[in-house]
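**Q** Return a 3D structure for these sequence lines:
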Amino acid sequence: MKPVIPIIALAASLALASAADEAGAVVRFSNNDLLSGSLESLTTERLVWNSSILEKPAPFFLKDVVELKLSPAQPKSEAKYEATITLTNRDHTAGYKGDTIRGQLASITDDAVELDTWFAGRMKFRRVNIANIQIDEQMALVYQGPTGLSDWTQTEEPPAWTYRDSSFRSTAAGGIARNCDLPDECRLVFEAAWRGTFALKVNFFSNDLKQDSPESGYSMTFQQRSIFLQSGKNQLALGRVANAFALQENEMAKIEIHASSKSGQIAVFIDGKCTAVWKDADVAANIIGRGIHFITLNASPVRLSNIQVGVWDGVVDEMPEIQPAAGFRQFGGQEMQEDQKPPVEEKPTKGRMMLRNGDSLVGEIVSIAGDMIAIKTPFKEIRLPVERFKTIALKPSARETCKRENGDVRGWFPDGTSIVFRLESVGDGTLVGTNQNFGSAVFKIAAFSRIEFNIYDSKLEELRNTSTW
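**A** Numbering: from 1, shown residues only. As a prediction, the model looks like this:
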């Protein structure tokens, strides 16, 4: 069979593709046509696609394919923590922040780091290709997503939010809400990216999903670099306004909210750093629901991904640094000055590792056994659970960036992480990929939410950027 060039009459498929954003699979071609359906087979040179608008499965050259969107299946993890390795292959030109791979640490040496992953088993990464390692404590989850719009309520008409590639994306001001059966003491974690000014309100412990300002729970507003908290019962501000200068300097952040409807303690973390802690002294008078809301406050686009809702132990084990005021009048407070500068942070000592409770230690990793890590400090060797760490310091070495290879593809996972590899072969439900970062690995095709092809073709970058937002 002669491979079909993807310039078919795809008018019908364009309508099908939007419906397939939440289910099924979609292939995008270099002329920006979309074709929904299912993957019949894949080789290093072409894919065979099955679609209801085609008489029979049709082959397409990969050189004409921009990306393949799939419906991944991610198993639940019983691990106590999750390690995230960020690699050095950042591409500033294309706006790619570099490969990020998550799993559990198996070993760390001067030359390599081994990670146990759910999608490719144990992988061994060269030390010189690793930018950093971050540790996140796993929590008992009541919600993980997003996986679609069907179980969320939108408060505006037309709706302000769309769903694509495991992310919510705003197109206008408006809210989206869901009953998450929030525990009395909960953690809400999400990754946000935006263009222009960041203006987002997050409601939690809400009992009214149809209102952007319910008379229950709490609302936390992110406005440029400022964060302030209000009580739903009277819409009054709690405590002082917090500064988060990273929200003004960057266009993406990992945000984590800890909240207790028992004690009234509420804390927010930006990129793993405790930014503010509030206390509602009148928490008993508040109406408590089990819903969460995300509300954009202007037309600047916002993308939300890797949303996790789970149980919190109710312990605030890290306090924020004393901050300058954030440029707003506090409830019952004084006028804050907009031109105040952020505090100068001390540069971390080489080899210093941050712990989850805000402490830090200097040392070298001796070994990792199960969930325990042995550290040689200047005083003695100690052993701690891996989940107690926020960051892992590797022995200093000159960093390298892996070579680009013809045939490189970029695979995206449901949690928004990604990895680049040269596609070598395709087996029964698996892909074999190679890369200078990790050597060779066998990936489960079902693990990928998206696979991008021709990733170094600059002419396709505009299409990729369109797909991103």
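
**Q** wait, isn't Ser71 in contact with Gly37?
**A** No. With contacts defined as C-beta atoms under 8 Å, Ser71 does not count as touching Gly37, sitting 11.7 Å away. In this view, the C-beta of every residue, glycine as well, is placed from N, C-alpha and C.

**Q** More neighbours: which of these two?
**A** Relative neighbour count places Gly37 above the other of Ser71 and Gly37, with 21 against 16, counting by other C-beta atoms under 10 Å.

**Q** Where does the prediction get shaky in the stretch 251-400 of the chain?
**A** Screening the stretch 251-400 of the chain residue by residue with the criterion pLDDT under 70, one finds the ranges 322-350.

**Q** All the strands of it, in order from the start?
**A** Under the criterion DSSP state E, counting those that start in this stretch, the stretch 251-400 of the chain contains strands at 252-260, 265-270, 273-279, 291-296, 302-311, 352-354, 360-362, 364-369, 372-376, 381-385, 391-392.

**Q** mind giving me the domain split of the protein?
**A** Following automatic domain parsing, the chain resolves into domains at 11-69, 141-311.

**Q** Check whether Arg122 really touches Ser107, as I assumed.
**A** No. Taking C-beta under 8 Å as the definition, Arg122 is not a contact partner of Ser107, at 9.3 Å.

**Q** Common neighbours of those two, please.
**A** Glu114 (C-beta atoms under 8 Å, 6 or more residues apart in numbering).

**Q** Assign a three-state SS to Val128, would you?
**A** Secondary structure assignment for Val128 (DSSP: H, G, I helix; E, B strand; the rest coil): helix.

**Q** circling back: ok, which of the domains of the chain comes nearest Gly429?
**A** Smallest distance to Gly429 across the domains of the chain (C-beta to C-beta): 10.4 Å, for domain 11-69.

**Q** The stretch 1-150 of the chain: strands as residue ranges?
**A** For the stretch 1-150 of the chain, the strands defined by DSSP E, counting those that start in this stretch cover 25-29, 34-42, 46-50, 58-61, 65-69, 81-87, 100-108, 112-117, 121-126, 130-137, 141-145.

**Q** What strands line up against the third one, and which way round?
**A** When sheet partners are counted by DSSP bridges, strand 46-50 sits next to strand 34-42 (antiparallel), strand 58-61 (antiparallel).

**Q** CA-only coordinates of that strand, as PDB, when you get a sec.
**A** Backbone C-alpha positions of strand 46-50 (Å, rounded to 0.1, in the frame of the first residue of the first chain) are rendered in PDB as follows:
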ATOM      1  CA  ARG A  46       5.000   5.800   9.600                       C
ATOM      2  CA  LEU A  47       1.800   5.200  11.600                       C
ATOM      3  CA  VAL A  48      -1.300   3.400  10.500                       C
ATOM      4  CA  TRP A  49      -4.500   5.200  11.600                       C
ATOM      5  CA  ASN A  50      -8.000   3.900  12.000                       C
END
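
**Q** ok, the closest residue to Asp151 other than its chain neighbours - how many residues close by?
**A** Nearest non-adjacent residue to Asp151, counting by C-beta to C-beta, 6 or more residues apart in numbering: Arg178, 6.2 Å away. By other C-beta under 10 Å, 21 other residues sit near Arg178.

**Q** got a list of what Arg178 touches?
**A** Contact criterion C-beta under 8 Å, 6+ apart gives Tyr143, Asp151, Trp152, Thr153, Leu209, Gly291, Ile292 as the residues in contact with Arg178.

**Q** wait, the last one sits on Leu188?
**A** Yes. With contacts defined as C-beta under 8 Å, Ile292 counts as touching Leu188 at a distance of 6.3 Å.

**Q** between these two, what contacts are shared?
**A** The overlap between the contact sets of Ile292 and Leu188 (C-beta under 8 Å, 6+ apart) consists of Val202, Phe204, Val309.

**Q** between these, which has the most around it?
**A** Counting neighbours by other C-beta under 10 Å, Phe204 leads the shared contacts of Ile292 and Leu188 with 25 neighbours.

**Q** distance of that one from His258?
**A** Phe204 sits 10 Å away from His258, taking C-beta to C-beta, to the nearest Å as the criterion.

**Q** Now the common contact residues for those two.
**A** When contacts are counted by C-beta under 8 Å, 6+ apart, Phe204 and His258 have Cys186 as shared neighbours.

**Q** my guess is Val302 meets Thr197, correct?
**A** No. In terms of C-beta under 8 Å, Val302 does not count as a neighbour of Thr197; the distance is 10.1 Å.

**Q** These two: who's more crowded?
**A** Val302 (26 against 13).

**Q** any idea how far Ile255 is from that one?
**A** According to C-beta to C-beta, Val302 and Ile255 sit 11 Å apart.

**Q** what do the two both touch?
**A** Any residue near both Val302 and Ile255 by C-beta under 8 Å, 6+ apart counts here, and that gives Ala192.

**Q** picking up where we left off before, single out the most deeply packed of the strands of the stretch 251-400 of the chain.
**A** Across those, averaging neighbours per residue (mean count of other C-beta atoms under 10 Å) puts strand 291-296 on top, at a mean of 24.

**Q** Direction included, what does it pair up with?
**A** Each strand that pairs with strand 291-296, with its direction, by DSSP bridges: strand 174-179 (antiparallel), strand 199-206 (antiparallel).

**Q** neighbouring contacts of it?
**A** 155, 160-161, 168, 170, 172-180, 182, 188, 190, 199-209, 212, 214, 217, 219, 302, 304, 309.

**Q** Do I have it right that Pro59 meets Thr43?
**A** No. Under the contact definition of C-beta under 8 Å, Pro59 does not touch Thr43, with a separation of 9.1 Å.

**Q** So which of these two has more stuff around it?
**A** The neighbour count for Pro59 versus Thr43, taken as other C-beta under 10 Å, is higher for Pro59 (16 against 12).

**Q** Arg240 and Lys233, how far apart?
**A** Counting by C-beta to C-beta, the gap from Arg240 to Lys233 is 20 Å.

**Q** More neighbours: these two, which one.
**A** Legend: neighbour count by other C-beta under 10 Å for Arg240 and Lys233, higher for Arg240 (19 against 16).

**Q** how far away is the more buried one from Thr275?
**A** Using C-beta to C-beta, one gets 12 Å for the distance from Arg240 to Thr275.

**Q** and what of Lys376?
**A** The gap separating Lys376 from Thr275 is 33 Å, by C-beta to C-beta.

**Q** do Ala199 as well
**A** Here Ala199 is placed at a distance of 17 Å from Thr275 (C-beta to C-beta).
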